[in-house]
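**Q** The following comprises the amino acid sequence and a computationally predicted model.
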Amino acid sequence: MKLSTDQKRFLQEWMDFLKIPSISADSSYNSDVQVAAEWVENALKKAGCTTVEIFPTKGHPIVYGALITDSTLPTVLVYGHYDVQPPDPLELWESPPFEPVVKETELHPEGAVFARGACDDKGQMFMHIKALEVMLANGPLPCNVKFMIEGEEEVGSNHLEDFVKNNKEKLDCDIILISDTGMIAQDQPSITTGLRGLSYMEVKVTGPNRDLHSGLYGGAVQNPINVLCEMIAALRDENKKITIPGFYDRVILPTKDEREAMEKAPSNEELFKKSIGIDAVAGEEGFSTEERRSIRPTLDVNGIWGGYTGEGAKTVIPSQAHAKISMRLVPDQDWEEISHLFTTYFKSLAPEGVQVEVQTHHGGYAYVTPIDTLGYQAAHKAYAETFGIAPVPKRGGGSIPIVPMFEKELGVKSILMGFGLDSDAIHSPNEHYGLFNFFKGIETIPKFYQYYRELWENKESV
Ligand code: BES
Ligand code: MN
Ligand code: MN
């Protein structure tokens with residue numbers, strides 16, 4: 001891929017941005033998170049936003065930018081995040097996570113940038129800043145634009161809700177545009193029409209008041225790790241249905257027609273298995289792999305610890321055992337209700353001889369969007385033009401809790417125009433994002449503005 005002078009500069013700027021370790025989960029990186037916010041502030045100014053402000057929160061700052069060229073035109077609000085996931089386990093990275101490098105891979109013969117945040121979401125968010133620059137270089141903007149770029153997405157967007165509630169006028173817009181999801185393949189663009197909700201829990205099982213010699217006490221007292229494993233096992237039955245009473249009560253299953261339409265989206269189970277090195281898929285009875293990872297709720301242990309995990313062997317009955325457990329939710333499950341149902345049920349599973357504590361971390365609602373909106377149609381036309389292939393709608397399995405919150409607070413729909421691939425390894429070691437995808441995004445985004453304006457004008461004139 002031969003890069004133009006501008007493209008080389010965009011790539012260089014993106015790689016500079018990736019050098020900032022803006023890990024929102026780890027407070028020892030707070031000053032880097034601040035540096036990343038200032039980097040975004042500066043990038044928005046350079047791209048042509050006339051109003052740019054950093055809003056401190058009790059957590060990490062929110063960067064806001066705007067360019068209102070004509071108040072009679074529609075306004076696009078771009079949302080993204082500059083924070084990243086922790087990079088560990090570090091030893092599995094082939095090059096250091098905050099020293100971005102371009103490498104060629106089978107899927108990315110033109111090269112991909114390897115770094116934490118390369119795709120999620122620094123790379124995808126930065127495409128929008130560069131797209132603004134490109135649009136302004138080519139004439140007047142088809143729509144007004146606003147940016148809201150946050151630094152706490154990866155830890156639950158805890159302070160964004162208040163910001164949105166208190167700044168409705170500032171955020172006033174006609175459509176929200178987000179690149180923080182993926183597409184099916186390089187030659188099959190797709191537009192994400194749904195996101196799952198989330199309920200994130202942490203549990204602690206406490207037995208004896210200290211770690212004990214497992215010979216002197218073993219067999220006569222509860223072992224908190226054994227108990228925790230049994231309790232976790234009881235959360236799902238042999239068909240992988242979640243056993244929490246009431247868990248499925250509000251679940252809306254798409255209609256038969258909707259499910260048939262979804263099955264038409266290209267997918268390849270053999271490739272899916274191969275790409276993650278497994279020899280068999282597993283999941284809830286009665287649903288396909290694609291359905292299991294989009295329209296069905298799940299319960300997964302994300303981490304489990306306790307006892308002795310150091311080198312060699314230590315014969316011990318631990319005093320405590322811990323686990324982090326999260327549930328992906330679908331419409332119309334209510335994450336606070338699910339957290340409550342989980343807590344009650346989990347505690348009820350505790351045998352005598354242990355104490356159980358359950359804590360709710362954060363959560364969010366699921367989201368679905370229709371495809372007959374101006375925003376969806378504009379995105380459809382934009383992808384169709386730049387890829388030469390019509391994009392297909394696809395429900396996603398991940399969560400962006402802010403999206404349903406935008407709809408509730410601002411009454412505005414979000415268009416999830418992602419350019420990533422499942423193979424980008426977001427949240428994993430060796431995260432990367434293709435140059436093809438990055439530059440295709442910068443090419444497609446201005447088309448969205450153009451078509452959104454055109455469709456909006458046609459609608460106004462009828
Ligand atoms: N960008 C992801 C979400 C995503 C990725 C959605 C790919 C669909 C396809 C986002 O940064 C993320 O990781 N969200 C978290 C939730 C958050 C509350 C921590 C997630 O889905 O685990
Ligand atoms: Mn993201
Ligand atoms: Mn993420």
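**A** Everything's here; your move. Ligands and ions are numbered 1, 2, ... in the order given.

**Q** use CA for all of it now, contacts and neighbours both
**A** Will do.

**Q** Roughly how far does residue 333 sit from residue 351?
**A** 29 Å (Cα to Cα, to the nearest Å).

**Q** More neighbours: the two, which one.
**A** Comparing residue 333 with residue 351 by other Cα atoms under 10 Å, the one with more neighbours is residue 333, at 23 against 12.

**Q** Spatially, what comes nearest to the more buried one if we skip its sequence neighbours?
**A** Once flanking residues are discounted, residue 333 sits nearest to residue 250: 5.2 Å by Cα to Cα, 6 or more residues apart in numbering.

**Q** What of residue 88?
**A** For residue 88, the closest residue by Cα to Cα, 6+ apart turns out to be residue 429, at 7.1 Å.

**Q** Provide a list of residues in contact with that neighbour.
**A** Residues counted as contacts of residue 429 (Cα atoms under 8 Å, 6 or more residues apart in numbering) are 87, 88, 89, 90, 92, 93, 97, 116.

**Q** Is ligand 2 within reach of stretch 190-201?
**A** No. On the criterion Cα under 5 Å from the ion, stretch 190-201 is out of touch with ligand 2, staying 12.0 Å away.

**Q** okay, residue 462: pLDDT?
**A** On the pLDDT scale, residue 462 is placed at 58.

**Q** picking that back up, so how far is residue 271 from the residue nearest to residue 88?
**A** The separation that residue 429 has from residue 271, given Cα to Cα, amounts to 20 Å.

**Q** if we can go back for a sec, Three-state assignment for the residue nearest to residue 88, please.
**A** coil (DSSP: H, G, I helix; E, B strand; the rest coil).

**Q** got a list of contacts for the helix or strand of the chain with the lowest mean pLDDT?
**A** Every helix and strand of the chain was ranked by mean pLDDT, DSSP states H and E. The lowest is helix 256-263, at a mean of 89. Contacts with helix 256-263, where a contact means Cα under 8 Å, 6+ apart, come from residue 394.

**Q** List the buried residues in the next helix or strand after that helix.
**A** The helix or strand immediately downstream of helix 256-263 is helix 269-276, counting by DSSP states H and E. By neighbour count on 16 or more other Cα atoms under 10 Å, the buried set for helix 269-276 is residue 272.

**Q** and the next element down the chain from helix 269-276?
**A** helix 289-292.

**Q** my guess is residue 367 meets residue 197, correct?
**A** Yes. With contact defined as Cα atoms under 8 Å, residue 367 reaches residue 197; the gap is 7.3 Å.

**Q** Identify the contacts common to these two.
**A** 330, 331.

**Q** ok now do residue 51, which residues does it touch?
**A** Contacts of residue 51 (Cα under 8 Å, 6+ apart): 45, 64, 65, 66, 67.

**Q** same thing but 7 Å
**A** Each residue near residue 51 by Cα atoms under 7 Å, 6 or more residues apart in numbering is listed here: 65, 66, 67.

**Q** what's near enough to touch the last one?
**A** Contact criterion Cα under 7 Å, 6+ apart gives 49, 50, 51, 144, 145, 146 as the residues in contact with residue 67.

**Q** For it, give the beta-bridge partners.
**A** residue 145 (DSSP bridges).
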